[in-house]
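[1] With the input below, show me the fold.
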Amino acid sequence: MRSSSPRSSPGLLPLLLGLGMLVFALLQLNDPDPLIWVSYYAAIACACTVAAYRPLPTVAFLGLAAVTAAGAVLTLPGFADWILNRPTSDLWAPMSTDRMYIEHSRELLGLVVAGACLVAAHRQSRATARRRSS
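    Take a look at the predicted model:
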C-alpha cells in the first residue's frame, strides 16, 4: 500500500558534504592511526547523509560536536606551535616524530572542515524540516 503523502527528496548540500567526508575517511586509510580518523570522518559522513533525509537527532549532533571540540583542544597546541614558530611550508613536509606539530596542524584543519560540514548539514536539515512542516 502506498502512502498518500509525497516522499520528500533529500537535501543536496548534506549529501554533498557527506560525500566529501567519505572521501576524507578514505584518504585516512594510510594515516598512522587510521582507525581513529576513518571512524571519525565516516561518522561525520553518516551524520551528513542522515541530515539529507531528516533532521539530525540532537544527541548525535551534540555527540559529534563534542568529539570534534575535544580533538580540536588536543591538537591546538601543535597548531599554535606551527603558526607561531615554524615556516608555513612545513605543513606540506613529510611527517616525522620530531615534528609532531605538522601532524597536529593537519589534524586540526581536518577537524575544522569536518565540524563545519557537520554544522552546515545540521542547520540545513533543520531548515528543511521547518519548511516541510509549514
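[2] Show me what secondary structure element comes after the helix or strand where residue 82 lies.
    Residue 82 belongs to helix 58-85 when assigned by DSSP states H and E. Downstream of helix 58-85, the first helix or strand assigned by DSSP H and E is helix 100-133.
[3] which helices and strands sit right next to that next one?
    helix 12-27, helix 34-53, helix 58-85 (3 or more C-beta pairs under 8 Å, 6 or more residues apart in numbering; DSSP states H and E). Glycine gets a C-beta too; all of them are placed from N, C-alpha and C.
[4] Give me whichever of these is most buried.
    Compared across the helices and strands packed on helix 100-133, helix 34-53 shows the largest average neighbour count, a mean of 20 (mean count of other C-beta atoms under 10 Å).
[5] what's the angle from the helix holding residue 82 to helix 34-53?
    Angle, helix 58-85 to helix 34-53, by axes from the mean of the first three to the mean of the last three C-alpha atoms, to 10 degrees: 130 degrees.
[6] helices and strands around helix 58-85, which ones?
    Checking 3+ C-beta pairs under 8 Å, 6+ apart, helix 58-85 ends up next to helix 34-53, helix 100-133.
[7] Considering those helices, which stretch scores lowest in mean pLDDT?
    Note on the helices and strands packed on helix 58-85: helix 100-133 shows the lowest mean pLDDT, a mean of 91.
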